[in-house]
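Peer 1: coordinates for the following, if possible.
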Amino acid sequence: GIRALAVFLSWICKARISDPTSGFWLVSRPLLDYFARYYPTDYPEPEALALLRRQGYSFAEAPARFRERQAGQSSIGFVDALYYMVKVGLALLVDRVREVNPRFAKQRLEGAGS
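Peer 2: Here you go, the predicted model:
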């Protein structure tokens, strides 16, 4: 499911995204201020990446090492993963038709915290 979402989000953002549901973010102060007010709540990581691109920002991924699960199993089954993918996909499509607010474009935010 994550791979399918990564492909879909990469297509929307026109940038390669390998794992849109996890990660450690490093953002500029103006963007942090913006996210403090407008960070997506339903599917925050994928929607935030799409929002960054729509507002004119770029991003980069850095690899991280993960250890294999030592015990137990995921609580997310196939049906849950499929349901999540459909909901996130629809949310991302709806986000694409929403109007972008030019007050929060990259050029405007970069000057806000200076």
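
Peer 1: now the strands: where do they sit in this protein?
Peer 2: With DSSP state E, there are no strands along the chain.

Peer 1: tell me where the model's unsure across it.
Peer 2: 23, 100-101, 103-114 (pLDDT under 70).

Peer 1: got the contact list for the nearest residue in space to Val88 that is not next to it in sequence?
Peer 2: Nearest residue to Val88, sequence neighbours excluded (Cβ to Cβ, 6 or more residues apart in numbering): Tyr43, at 4.7 Å. C-beta here means a position set from N, CA and C on the backbone, and glycine is covered the same way. Each residue near Tyr43 by Cβ atoms under 8 Å, 6 or more residues apart in numbering is listed here: 87-88, 91-92.

Peer 1: let's have those in JSON lines, adding neighbour count.
Peer 2: Formatted as JSON lines, these follow (neighbours: other Cβ atoms under 10 Å):
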{"residue": "Lys87", "neighbour count": "12"}
{"residue": "Val88", "neighbour count": "22"}
{"residue": "Ala91", "neighbour count": "15"}
{"residue": "Leu92", "neighbour count": "20"}
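
Peer 1: could I get these as a markdown table with distance to Ala71?
Peer 2: A markdown table is the format used below for the contacts of Tyr43 (distance: Cβ to Cβ, whole Å):
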| residue | distance to Ala71 |
| --- | --- |
| Lys87 | 29 |
| Val88 | 28 |
| Ala91 | 33 |
| Leu92 | 34 |
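
Peer 1: now, which of those sits nearest Phe66?
Peer 2: Val88 (21.0 Å; Cβ to Cβ).

Peer 1: wait, the closest one touches Leu49, no?
Peer 2: No - contact criterion Cβ atoms under 8 Å: Val88 and Leu49 do not qualify, at 11.3 Å.
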